[in-house]
Structure formats: C-alpha cells, structure tokens
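In: Sequence and predicted structure below; questions after.
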Amino acid sequence: MAIDTASFESILATIAGVLFAVAGVVNLAGPGAVKRDFARWGYPAWFRLLCGALELLSAALLPGQHTRALGLTLAGAIMFGALFTLLRNREPFRHLAPALIFSALIVATVALRG
C-alpha cells in the first residue's frame, strides 16, 4: 500500500507538531537546565517563556491543512533562531543534533508541500 504525498506531509507535520508541543511545554515549565541555558546564552528570563509560547503556537498550527503554511513558517523561524543560538555559543553536537532533526523535519514537510 503506497502512501500519497499529501498524507506523508500530514504525518510529518503532525510529528513536528508533537515535537514542538513537547519543546514548548519544556520551555514553559523551565526546569533548571533550561533556565541555565537561556541565561548562559545571554537571553532575559522572559525570552524562554516567549519561545515556549511560540513553540506551542506552531504546534497548534502544524496539523491543520489550512494553518500548516503559517505553522511551518513559524517553526522555521524558531529553528533558525535556535540554530543561530547554538552555533553562536559553540554548543556541542549533542545539543545541536535535536535542533538539526527538528529543522530537517520542517524542511522535509515544506518540500512535500511542493
């Protein structure tokens, strides 16, 4: 049974939505390591909350066919900022790898949209 492109796009968008929802909840909950990372990167305390809220918004927009383009745009912007931060601060690959996976998922979903 072959899966069509639109269905595969929806599956990838849903997976991305779940991942962004988890990331958003983690940023909003702000366990010690997350708070320390944002402080070490030079961001104010409220920025972690903004990131979490934007991640949750992106997660909410990704699964819907009519809102997916906006969700992908927001997710792409979030990942651009995350990758910039990680590279600027010379974070080790173990911190960079999840951001690269998230980014690849967003790029693949956009590519399937045609």
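Out: Received, thanks.
In: what's the neighbour count on Met79?
Out: 21 (other Cβ atoms under 10 Å). Quick note: C-beta positions are derived from backbone N, CA and C, even for glycine.
In: please begin residue numbering at 233 from this point
Out: I'll keep to 233 as the first residue from here, and by that count the last item is Met311.
In: got a list of what it touches?
Out: By Cβ atoms under 8 Å, 6 or more residues apart in numbering, the contact list for Met311 reads Ala331, Phe334, Ser335, Ile338.
In: Please verify my assumption that the second one contacts Val254.
Out: It stands for Phe334. No - taking Cβ atoms under 8 Å as the definition, Phe334 is not a contact partner of Val254, at 10.6 Å.
In: Quick one: the helices in the protein, in order.
Out: For the chain, the helices defined by DSSP state H occupy 237-261, 264-272, 277-293, 300-320, 325-345.
In: would you turn those into CSV with mean pLDDT?
Out: Formatted as CSV, the helices of the chain follow (pLDDT from 0 to 100):
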stretch, mean pLDDT
helix 237-261, 96
helix 264-272, 96
helix 277-293, 98
helix 300-320, 98
helix 325-345, 95
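In: From Ser242, how far out is the nearest residue to Glu241 once chain neighbours are set aside?
Out: Leaving aside its sequence neighbours, Glu241 sits nearest to Leu344 (Cβ to Cβ, 6 or more residues apart in numbering; 4.0 Å). Separation of Leu344 from Ser242 (Cβ to Cβ, to the nearest Å): 9 Å.
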